[in-house]
Each structure stands twice: as C-alpha cells, then as structure tokens.
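S.K.: just a sequence and a predicted model for now, questions to come.
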Amino acid sequence: MDAPSMDTVYQAISALYDGPNGNEIEKASLWLADVQKSIHSWKIADELLQQKKDFNSCYFAAQTMRAKIQHNLSELPAESHVPLRDTLIAHLERTTPDTTSSILTQLSLALADLALQMPSWQDCISDLIKLFSNKEYLLLEILTLLPQEIDSSNLKLGENRREDIKSQLRLNSQTVMLFLKQCLNNSQGSTNVGLKSIKCMTSWLQVRAVNLHEIPQNTVIGYSLQVLRDHNSINTLHDASSDCICALLQCLEEVNDHENIDRLLFDSVVALEESYHLAVAHEEEEKVSNYARVFTELAESFLMKIIDCTDNGNTHFAMKSLELALVCVGYHDYEVAEITFNLWYRLSEEVYRRDHQPLTDAFKPHIERLIEALARHCQCEPDLTQLPDETDDFYEFRQKVMSLIKDVVFIVGSSSVFRQMFAALQSNISWEQTEAALFVMQSVARNILPDEYEYVPKVVEAILSMPSSSHLGVRATCILLLGELADWVERHAASCLAPCVAMLLAALPQPRLALPAATALQNICKACPGGAAEHIGKLLGAVQALDQLAAPPPAAAALMRAVAPVVASLPPDQMSAALCEASAPQLEGLRRLCSARQPIKRGTTSDPVLYLDRLAALYRDLTLSADLKNVAASETHPCLPALTEAWPVLIDVMDKFGGEERVMERVCRAARFGVRAARGAGAALLPALCGALAQLYPRHAHSCVLYLCSVLVDELAARPGCAAALAGLLADLLPPAFALLQRDHGFRDHPDTVDDLFRLFIRFLQRMPVQLLSCGVMGSILQCACSAAALDHRDASASLMNFLADFARLANTAHPDTAEAQHAKALAEELVVTYGGALTAAVLEASVLHLHRGLVPGAADVLLELARAERRHGAAWLGAAVRQLPARHTAAATLLQAQHFHNTARSTEKSKEMTKLLRDFAKLYR
C-alpha cells in the first residue's frame, strides 16, 4: 500500500476507538491492520509518538512499534537498528510516572525486544541501567520485561544469543539487586513500587540470573515473605510475592549445594502455616490458593531429597512439606486441592520406579489422607438431582481425581481403598456422601482381584437390589461401578451375569441412566462375551428399540459396542444372522434419509451420523475368535452378508451427503471398520466402493476418503484381482489431492490431507511396493514430501516421516527374499540416489527451523535411513543441507557449531542420539 497521510491515520484510529457503529469500527480495524503490516508503519508509529496528540494514537503507535520489532525487524537493514534504538530511548525518556502503564509497557517491550535482537549492542543490560537510572519506574519496567522476553518463541533469538544475554544478566545481577533494594527503601510504603520490585525479582529468578548464595540477604525476598506472613496484605501484592517465592523454590530444586539456604527458606515457608489458617478463617480464598501454590512448590522442590532420604531409612526435615500440601487438600474448595495434584503424580511415579516396599510403606499415611480428602471433594451438592454433565467444571475435576487415584492407589493398595469406602457406606450418610464413596470405589475397581470374596459380593448384591427410588446420582455411579467390576463378574458369571445384564437393560430406557448402563454393558460384554451370548436376543431387542428409547448418541454407540463382542462369539451362521439383525435398523434409517428431502438436525433421527456412528461402533469391536479367523479367508465369512447389505446404502450416503464433511467422516469410518471386520472377504465389495470413491473425491476432497483407501490397501492388496483396482484408485485420487495441496497455503490449510495421503502411501509401500515405486508418480510424491516436511502438525508430520523412513528402509533391505522384493529394493535405491539430497535438506531444515521438538524423532529416523541407504553420498547430502540453513544475524549456528553437528551426525547410528543432536542444534536457530 502507498504511504497514508497522518490525517488519514488519525481518522482511522478515532473510528477504531470511537466509531459510531460496528461496521465503521471493523473497517477501521482492517485498514489499520494493513498499515501495521506495511513498511510505512515504522515511520507512522514514530510520528504518532512524537506528536502525542491523545492516548489512543500513542497506544496504537507504541503497540505497532512493539509488534514490528517483535515480528518484522528483518524489514530494516542492520545499520538502521542503532537509530531505531536511539529513537525508542528518546520516546521513553519523554515518559513520566504518570504515563499510562499500557503505553509504557509497549514501549519498554519494544526496546527490550530490540536489545535482544541486536548482538552489536554489547553490554545492553548495563547500558540500560545507566540510561534510565534517574527514572526508577521505567527501569523497573524494562528490567522486568527483558528477562521475560528471552525465551519468547516470537523472537527466535537462538541459543547463542540467549546464553549471551543470560550471561549479561548474571554479570549485572548484583547491581540490579542493589537497585531493587534501593527502590524498596525509597518507596515509603508504596504498594506500586513494592509490586514492581517483586515482579522484577521474579523475572530474574525465572531465568536463573540471581546468585543463590546472596538470597539470605536479599531485600526483595525478605519483603515477599513479609507480605505472605500478613494475611491482610493486598491481593495483587500477595499474588506477586507467591510467584516470587515459587520461582525461588524452583531454582533451589535444580541445585544441590545450598543446604543452608535450603533450610533457611524451608523454615521461612513453613512459618507461613499460621498465615494460611488465618486466611482460611477470614475466607480469603485467593490467598489460600497462593499459600497452596507455595506449599506445593516447596514440597516439589524437596521431593527428590525427601524420597532419597526416606529410601535410605531416614526422615528428611522437609517431610513436613507433604503435610502442608495435605492441609491444603483438606480445604473446602476443590480448586485449591487441585493445585497439589502434580506433586502426588511426581511422588507416585518416583516411588513406583524405585519399587522398594519400605519406601512405598513410608508414604502410605499421606496417600490414605489424600484419598480420604479427595472423596470429600467429590461430593456433589445435596440439591442436585443428577450427576454433573461433561460441560461442568466439577465433572472435569472428578475425572482428574479418578485419574490421580488410579495413579497413586498402588501405594496403599486398591483393596484397602475399596474396604475403606465400603466401611463408610455402612454408616447412615447422605446421598452425596454415598455417591462419592462409590465414585472412589469405581476408580479402583478394575484393580480388585476377581477372586475377592469379602466385600465385592456384598457391593454387587447391593447394586442389584438397589430400589428404583434411590437418588439418580447414586444409581448412575453404582451402574458405572458394576461395569468397572466386569472382570469380577466374568469370574462369577454363573451367579451374577444374568441379573447384571437384566438390570442394565432395564436402566437403558431412562435418559439419565442410559449412558452409564450402556457403558457398563460394554465392559461386561467385552469381559464375558460367551456368557452374554445367552442374552443376545435381549441385547438385539435393545438395539432394535434405540430410536424408540431416544437414547443419547453416546449411549447408543456404547450399546452397539457391547453387542459386537457377543455377536462375534456366536457360531458363524448365528453370527451372520445377529449381525444383520443389529445392522438392519441403522440401514433402514439411512435409506429413509437418502430418499428424503429434509435438513439435517444434529443428534436426531434426521441426522445420518446417528446411524453411521452405530454401525461403526458395531463393526469396530467385531473381534473374531480363532475359529472364525480361519473362515475369514474364505468366501463365507460371517460378516459378509451384513456388509453386502450395508455397502450399497453406504455408497448412497456418500452420493447424497458428499458435501457434508461431518457425514463423510462418519461413513468412511463405518466402511473402514467394516472392511477390517471382513478382512480379505471384503474383496467382493471392492469394485463398487472403488468406483464410488473415484467419483466422489474429485468433487469433494475429504481426507477421510484417503484414510479409507489406506485400509482397503492394507486388507485387500494381497487378495486376487484387487491390486489392479487399488492401483487404479490411487491414480484417480492423486491429481485432485496434489491440486489441493498446491494451492496457496495448501499444506497449512489441509494437514489432514497430508496425514491421510502419506498414510495411504505407507500402505502401498508395505503391501504393493513395486506398483507404487514403478507407477511414474514417485517423483511427484517425493517432491510433495519435501514441500510438506516443514508442516508443524503432529499427525501429518508423523505420517510423512514414517513414509520417508519406510521408503529409505526399503532401499536398505539387506537380503530381499523374493524377486518382487529385489525389484522393489532396486527401484527404491534408484529413487534415493535421485532425491536423497533434496529430502535430506528438507527434513533437516524442518527439524531445525519448524517442527516442534516432539516431532523431531521422526525426522531423525528419516535422516538415519537416508544416510544408510546411500553411504557414498549421505555425508555430502547432510553437509550441503547444513550449509543451506539460513545464517541470520542472531539465531544461527556458528561455523564451528555447524561443523561439529555435521561431524557428529554423520557418525551417529542410533535414533535417540540423532534426536538429541537435532534438538540441541535446533536451539541455535530458535
């Protein structure tokens, strides 16, 4: 865009903040966003700050300057950085203590970000301290923000620059600590100065720039502890002090040579217990949460020392910190208890890893108290008529509690917890207490041994005889508990399976019990399908009545998954009939919708997804017995009649609802599970499906179609006559898939297509390698892989890297055992020679510049396999790829670092070593 006049800019800013209507505001916002993106915004922002007409224009200018420096500093030549710095300093020098904090923060951030990106500005920290020593409020702001920006992902400073800045911070640490002390001494009790001093101290602690040996004499730490000792202190000050002490405790956790400081800080934090109780008494919930954070951080910082000492038969002085954490768990607000959860996870993980019974026994009292307190927190409000639903925060908390109990219960034993909760049920307690005890029992029920005879029989009997007048919440949890005891029910099927199935089927028609009942049925039928086969008629009757029952979709899907293993356990002829009977209502519903002209209303009988999800759930769990797997290779597979009936309907759904991505995902999923269930017998259905997919995908390029095709290749490639059809289907799908990805931002906007497309290529490599490698499109596929390598998407990157690793591995095959394998190896070797250099460069650049660290192991595998596949050129490819990496002025490896990486990588043979090497190398560029 052309440079706009300043009058136009002022008018747009005025319209943005004071516009008369939404349209004017939106129009001004879009125009100003374009201005900010343009090269002219540097000058515009500077002029707005110099003219200082009003708050809105100054804030817009300051925010623009900060954003440009953070994201677009490369627009300016390096020689303009010094004038830009001087301009920012001049603007900041014109500020006063009365300058609006938001403007001051944006300008300070701009200068901090510029300093971090200017390696030529040596000793920038000491220069800033000298420049603004006469402006205490401003120096506090800059010294707080600069450490926070060091690890900002927006700046991409690189590890070299980050370490350089941190070294500067450490060198100037003593000066800054003296400055903060002076600020507090001169503050005359000013809360604002105290707050900013504490926040500044926290920033320096978080980047480990403070000498811990000086902590005992540190004025800010002393002030923070003083604030925490006073439960009447201002909340913002209390919050900041808590953050500061937590940051200090995290520093102590990382070092082991400060025993005196450890003890001093421990005693200082433990002394806050009285203040915690005073905050509880005065109902200061925010401060209670702060104390819980500090106590939990104290326990976590000493945790390994506590465990080491306990493992040696001694008691560490910091064991008291676990007691303090448990005191917080006992507070009435469950959100405070949740603050401590990570502590208990870490404790259980380490105790489990060491597997030393005396160590485990030492922590039993703590875990017993923890579970007892969690049971109280799980109690619902007495006036609730049902359990909280999935959208409720309390539901989410209870799920976290269940996960935590499952993780720590080995310390006290599941049977012990079960007995403890059972004992609580014997008292005359309210419904919410009863339900909470049952909920905890549900959490540990799967760990109860099937031969337990003391308590479980009584619990099961009580559940089966529970009156219908019981509270719905209690009934729902009892039903879920029964499902968790599925292994026990299987062991005692002769006496209790029939009444369990009968009770659960009777609960299905009740809307609030349908999902728990169906979930419990699913667990029990999976545990004892053979025994449940006696009740197949009743189960199929429930399936037939799903629409009449108006069961919620998750409950219907769970019921279908309950029926599936029971159907799979039947003899072949009975299995075919039962599968057809279970499928029939769903197919009838789909036929009705395909012939009707009515809009889709989600979750109702006008929604095809309702029936498709049921079919998918049914097919998904059709796990065949050993006898039926032998039948799977013949033409009389018991699943085939039902699938033959379903196939035309599914194809009609694709034709009718091809433009509905949500419907297409579900129909492809149902087809996938159907193909998996029929195994090779699905070959009879392939021609019709190939034809439908070849026509559908060019019109509606849903990635789920590619996923379905990968399953077809996986299951049917080895069947006679199927290879040609599958190769033809690939030829039909590739042009529209490549066209979609070649659009502007095609890879970024369609990661699912990348994922499913390369998943399809993997299946071809595994099942039909010669057909893929010789079809003439491998060059395009590998070029596509080079372009997609930088896509930072977990599933897409995993599929892409797995494909490339499998491709290179194919060329590495040492001794092909068949003529086809030899042919595939020769084709792969030829392609590796042609494209190996480009692939190495693309994968290295992606892993160093773009991919999240969790995706690097896949890239490491590819680089190793490519090097192994072509020993002659692998090292040269890697060297060229390293030289092609950008040599930016801040974030880049030095020549020595690049050479060290190359020399180490070329001799690395193990994936873990290459992964670590890549991750360390990537830090230099980010």
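M.R.: Here it is on my side, so go on. Keep in mind that this is a model prediction, so the values were computed, not measured.
S.K.: my read: E715 touches G682, true?
M.R.: Yes. E715 is in contact with G682 according to C-beta atoms under 8 Å; the separation is 6.3 Å. C-beta: built from backbone N, CA, C; applies to glycine.
S.K.: quick one: common contacting residues for the two?
M.R.: V675 (C-beta atoms under 8 Å, 6 or more residues apart in numbering).
S.K.: quick one: pLDDT of N812?
M.R.: With respect to pLDDT, N812 has a value of 89.
S.K.: and if you look at V456?
M.R.: 94.
S.K.: what's the separation between it and S495?
M.R.: When C-beta to C-beta, to the nearest Å is applied, the distance between V456 and S495 equals 12 Å.
S.K.: between these two, point out the one with more neighbours.
M.R.: A direct count of neighbours by other C-beta atoms under 10 Å for V456 and S495 places V456 higher, at 23 against 10.
S.K.: the more buried one and W488 touch, don't they?
M.R.: Yes. Between V456 and W488 there is a contact under C-beta under 8 Å: 5.5 Å.
S.K.: between the two, which contacts overlap?
M.R.: I448.
S.K.: about what we covered before: E715 and G682: who's more crowded?
M.R.: G682 (27 against 23).
S.K.: how about A718, secondary structure?
M.R.: Under DSSP: H, G, I helix; E, B strand; the rest coil, A718 falls in the coil class.
S.K.: the most centrally placed residue in the chain: what's it in contact with?
M.R.: Nearest to the geometric centre of the chain sits R794, at 10.1 Å (C-alpha atoms, centre = their mean). Counting by C-beta under 8 Å, 6+ apart, R794 makes contact with H852, G854, L855.
S.K.: swap in F758?
M.R.: With C-beta under 8 Å, 6+ apart, F758 has these contacts: A785, A788, A796, S799, L800, N802, F803.
S.K.: switch the cut-off to 6 Å
M.R.: Contact partners of F758, counting by C-beta atoms under 6 Å, 6 or more residues apart in numbering, are S799, L800, F803.
S.K.: same check, this time on P457
M.R.: Applying C-beta under 6 Å, 6+ apart, no residues contact P457.
S.K.: so who does N56 touch?
M.R.: I13, Y17.
S.K.: what strand or helix carries it?
M.R.: For N56, the host element (DSSP states H and E) is helix 55-72.
S.K.: just checking, next helix/strand downstream of that helix?
M.R.: Criterion used, DSSP H and E; the element after helix 55-72 is helix 81-93.
S.K.: restricting to C-alpha, output that next one in PDB.
M.R.: Presented in PDB, the C-alpha positions along helix 81-93 are these (Å, rounded to 0.1, in the frame of the first residue of the first chain):
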ATOM      1  CA  HIS A  81      19.000  -0.600  14.200                       C
ATOM      2  CA  VAL A  82      21.000   1.900  16.200                       C
ATOM      3  CA  PRO A  83      18.900   4.900  15.000                       C
ATOM      4  CA  LEU A  84      15.800   2.900  15.900                       C
ATOM      5  CA  ARG A  85      17.200   2.200  19.300                       C
ATOM      6  CA  ASP A  86      18.000   5.900  19.900                       C
ATOM      7  CA  THR A  87      14.500   6.800  18.800                       C
ATOM      8  CA  LEU A  88      12.900   4.400  21.300                       C
ATOM      9  CA  ILE A  89      15.100   5.700  24.000                       C
ATOM     10  CA  ALA A  90      14.100   9.200  23.200                       C
ATOM     11  CA  HIS A  91      10.400   8.300  23.400                       C
ATOM     12  CA  LEU A  92      10.900   6.500  26.700                       C
ATOM     13  CA  GLU A  93      12.900   9.500  28.200                       C
END
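S.K.: could you give the angle of it to helix 55-72?
M.R.: Here helix 81-93 runs at an angle of 150 degrees relative to helix 55-72 (axes from the mean of the first three to the mean of the last three C-alpha atoms, to 10 degrees).
S.K.: shaky segments in this protein?
M.R.: 625-635, 888-889 (pLDDT under 70).
S.K.: quick one, domains of it?
M.R.: 213-333, 356-448, 780-925 (the TED database).
S.K.: of the contacts of R794, buried ones?
M.R.: L855 (16 or more other C-beta atoms under 10 Å).
S.K.: closest one of the contacts of R794 to S907?
M.R.: If you rank the contacts of R794 by distance to S907 using C-beta to C-beta, L855 comes first, at 23.8 Å.
S.K.: what about the closest residue to the closest one other than its chain neighbours, helix or strand, and which?
M.R.: Closest residue to L855 apart from its sequence neighbours, by C-beta to C-beta, 6 or more residues apart in numbering: S797 at 4.6 Å. In this assignment (DSSP H and E), S797 forms part of helix 794-811.
S.K.: ranges for the helices of the stretch 751-900 of the chain?
M.R.: Using DSSP state H, counting those that start in this stretch, the helices found in the stretch 751-900 of the chain span residues 751-767, 769-773, 778-788, 794-811, 819-845, 856-869, 874-884, 895-906.
S.K.: now do the phi/psi pair for H356.
M.R.: The phi/psi pair for H356 (degrees, to the nearest 10) reads phi -130, psi 110.
S.K.: distance of A642 from A681?
M.R.: According to C-beta to C-beta, A642 stands 12 Å off from A681.
S.K.: who has more neighbours, these two?
M.R.: Neighbour totals were compared for A642 and A681, and A642 leads with 28 against 24 (other C-beta under 10 Å).
S.K.: now do the residue nearest to the centre of the chain against V848, distance only.
M.R.: 18 Å.
S.K.: with L733 instead?
M.R.: Taken as C-beta to C-beta, the span from L733 to V848 is 33 Å.
S.K.: then N232?
M.R.: 53 Å.
S.K.: higher neighbour count, these two?
M.R.: The neighbour comparison of N232 against V848 (other C-beta under 10 Å) goes to V848, with 24 against 11.
S.K.: neighbours of the nearest residue to that one once chain neighbours are set aside, just the number please.
M.R.: With C-beta to C-beta, 6+ apart as the criterion, V848 has its nearest non-adjacent residue at 4.6 Å, and that residue is A922. Per other C-beta under 10 Å, the neighbour tally for A922 reads 21.
S.K.: just checking, A922 touches L849?
M.R.: No. Using C-beta atoms under 6 Å, A922 is not in contact with L849; the gap is 7.4 Å.
S.K.: which residues of the stretch 351-500 of the chain fall in helices?
M.R.: Assigned by DSSP H, counting those that start in this stretch, the helices in the stretch 351-500 of the chain fall at 357-362, 364-377, 393-408, 414-425, 431-444, 456-464, 472-484, 486-491, 493-507.
S.K.: list the contacts of the first one.
M.R.: Meaning helix 357-362. Helix 357-362 is contacted from outside by T310, D311, V351, I411, using C-beta under 6 Å, 6+ apart.
S.K.: could you count how many residues lie near E24?
M.R.: 15.
S.K.: buried residues, stretch 541-549. List them.
M.R.: A542, V543, L546, D547, L549.
S.K.: likewise stretch 49-58?
M.R.: Buried, per 16+ other C-beta under 10 Å, within stretch 49-58: L49, S57, C58.
S.K.: for those residues, which one is nearest L449?
M.R.: C58 (71.3 Å).
S.K.: right, and the closest one touches L104 too?
M.R.: No. Between C58 and L104 there is no contact under C-beta under 6 Å: 10.4 Å.
S.K.: how close does the closest residue to P499 other than its chain neighbours sit to M503?
M.R.: Excluding the flanking residues, the one nearest P499 by C-beta to C-beta, 6+ apart is L464, at 5.1 Å. As judged by C-beta to C-beta, L464 and M503 stand 6 Å apart.
S.K.: likewise for P467?
M.R.: 12 Å.
S.K.: those two: which is more packed in?
M.R.: Each of P467 and M503 has its neighbours counted (other C-beta under 10 Å); M503 has more, 18 against 6.
S.K.: so who does the more buried one touch?
M.R.: Counting by C-beta under 6 Å, 6+ apart, M503 has contacts L464.
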